[in-house]
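Trainee: sequence first, predicted model second:
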Amino acid sequence: MESIDDLNYIEHRAYARVGLLGNPSDVYYGRTISFGLANFWATARLRQSVDLVIEPHPYHDLVKFTSLDNLVNRVQNEGYYGGVRLLIATCKMFLKYCHEHKITLHGHNFTLSYDTNIPRQAGLSGSSAIVCATLNCLLDFYDIRQLVKVEHRPNLILSAEGELGITAGLQDRVAQVYGGLVYMDFKKEHMDEMGHGEYIPMDTGLLPQMHLIYAENPSDSGKIHSAVRQRWLDGDEQIRSLMEEVAGLALVGRESLIKKDYNTLAKLMDRNFDLRRIMFGDDVLGSLNIKMVEVARSVGAAAKFTGSGGAVIAYCPNGAPQVRRLEDACRKAGFIIQPAILVPPLITKDDLQISLEI
């Protein structure tokens, strides 16, 4: 039975995300279009307590095993790290942000916990969802949401992950903060001046029905280290040119969505994956990830990674009969497929007004 204290809690949910076009150019001053994926989410729960307590998850932070074989099997499937480190890093970077912006916090302590159903290693931004949900709890517990600009929140989320050595761009965090369908421009001049990109919410009704494809056990998720980042930093002309083309796909894709030109959208999705494959190579992408795209394309569907690998977003321009063929092909190949459910916009007019006033 829950105690009174257990009932007086703050709870926030943050969703998985899909990189629709332009990824991974967000890390290279490019452009992207992403949307929140309501199929999966992470939840953070916070309640006031005497001591500050970070509660481990009973499954994801397991420290008790039935045998040595059980321990090794868990590590192979789940990795070495659960979510506790994400909660701790979020708390640390939240306090740092408040100090830097001279935001005063009350002195009460809290107990913080989390849960998630986002598949691991599926390229759906599971880690940042946990951080995003945690940040929202902290903003409400300290009653300072009105003091933290919306545009700053993705940076704060990214800083917590960076504290743990997680290398990523802002795209995922923007999609999780804003919800809905968002066009993002990370041009260098704006990033240097403002510290964040330009984020433009789009009408969610413009997005056609998409389908999510992923493997239940993504053991081959393309774990080979990529040299693309270093080549870009070194001024490699081929990589820079290809990355600019990737960024351009989001710009054209935005117009295609506005015009509901979905045939062009399908071509852009396919081109996005092809360019990633040219730049990163098959060893980095992983054979299982490539197979998911190839299965979708075998029935004429457009397909690309949702992120860096682990899951695929597919679009069937020819409607229901093609969707049925895609579902059959995925099941025969051993992949899970489900309609992608779009998260509604999460940012209110009040949030945007706060950003203008701060």
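Mentor: Received, thanks.

Trainee: any idea how far stretch 90-98 is from the chain center?
Mentor: Offset of stretch 90-98 from its chain centre (Cα atoms, centre = their mean, to the nearest Å): 21 Å.

Trainee: in that stretch, what's buried?
Mentor: The neighbour-count check on stretch 90-98 (16 or more other Cβ atoms under 10 Å) flags 90-91, 93-94, 97-98 as buried. From N, CA and C alone the C-beta is placed, and that goes for glycine too.

Trainee: could you tell me the average pLDDT over that stretch, please?
Mentor: Summarised as a single mean, pLDDT over stretch 90-98 is 97.

Trainee: quick one, what contacts the residue nearest to Asn23 when sequence neighbours are not counted?
Mentor: Using Cβ to Cβ, 6 or more residues apart in numbering and skipping residues adjacent in sequence, the residue nearest Asn23 is Thr32, 5.3 Å away. Listed by Cβ atoms under 8 Å, 6 or more residues apart in numbering, the contact set of Thr32 reads 19-23, 25-26, 171, 183-184, 186, 247, 250.

Trainee: chain neighbours aside, what residue packs nearest to Asp351?
Mentor: Spatially, and ignoring its direct neighbours in sequence, Asp351 is nearest to Val150 (4.9 Å; Cβ to Cβ, 6+ apart).

Trainee: and that neighbour, backbone torsions?
Mentor: phi -60, psi -40 (degrees, to the nearest 10).

Trainee: can you tell me how far it is from Met191?
Mentor: Distance from Val150 to Met191, counting by Cβ to Cβ, to the nearest Å: 16 Å.

Trainee: okay, these two: which has more neighbours?
Mentor: More crowded of Val150 and Met191, by other Cβ atoms under 10 Å: Val150, with 21 against 15.

Trainee: I figured the more buried one hits Thr348, correct?
Mentor: No - with contact defined as Cβ atoms under 8 Å, Val150 does not reach Thr348; the gap is 9.5 Å.

Trainee: which ones are touching the nearest residue to Val246 once chain neighbours are set aside?
Mentor: Spatial nearest neighbour of Val246, chain neighbours left out: Ser25 (4.7 Å); criterion: Cβ to Cβ, 6+ apart. If a contact means Cβ under 8 Å, 6+ apart, then Ser25 has 31-32, 186, 243-244, 246-247, 250 as its contacts.

Trainee: which of those lies closest to Ile130?
Mentor: When these are ranked by distance to Ile130 (Cβ to Cβ), Thr32 comes first, at 21.5 Å.

Trainee: assumed that closest one was part of a helix.
Mentor: No - looking at Thr32 with DSSP: H, G, I helix; E, B strand; the rest coil, it is strand, so not inside a helix.

Trainee: sec struct for the spatially closest residue to Gly126 that is not a sequence neighbour, please.
Mentor: Spatially, and ignoring its direct neighbours in sequence, Gly126 is nearest to Ile118 (3.8 Å; Cβ to Cβ, 6+ apart). Assigned by three-state DSSP, the conformation of Ile118 is coil.

Trainee: pretty sure Ile118 is in contact with Ala16, am I right?
Mentor: Yes - between Ile118 and Ala16 a contact is recorded at 5.0 Å, counting by Cβ under 8 Å.

Trainee: CSV for the buried residues of stretch 90-98, including distance to Ser128?
Mentor: Output for these, formatted as CSV (distance: Cβ to Cβ, whole Å):
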residue, distance to Ser128
Thr90, 10
Cys91, 16
Met93, 13
Phe94, 15
Tyr97, 16
Cys98, 20
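
Trainee: possible to save these as a markdown table with secondary structure and distance to Ser67?
Mentor: Shown next, in a markdown table, are the buried residues of stretch 90-98 (DSSP: H, G, I helix; E, B strand; the rest coil; distance: Cβ to Cβ, whole Å):
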| residue | secondary structure | distance to Ser67 |
| --- | --- | --- |
| Thr90 | helix | 34 |
| Cys91 | helix | 34 |
| Met93 | helix | 38 |
| Phe94 | helix | 39 |
| Tyr97 | helix | 44 |
| Cys98 | helix | 45 |
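
Trainee: of those, closest to Asp236?
Mentor: The closest of those, once distances to Asp236 are taken by Cβ to Cβ, is Met93, at 32.5 Å.

Trainee: report the contact partners of that closest one.
Mentor: If you count contacts by Cβ under 8 Å, 6+ apart, Met93 has them with 156, 159-160, 163.

Trainee: and for Val228?
Mentor: Listed by Cβ under 8 Å, 6+ apart, the contact set of Val228 reads 239, 279-280.

Trainee: how about a cut-off of 10 Å?
Mentor: Each residue near Val228 by Cβ atoms under 10 Å, 6 or more residues apart in numbering is listed here: 24, 27-28, 236, 239, 242-243, 276, 279-281, 284.
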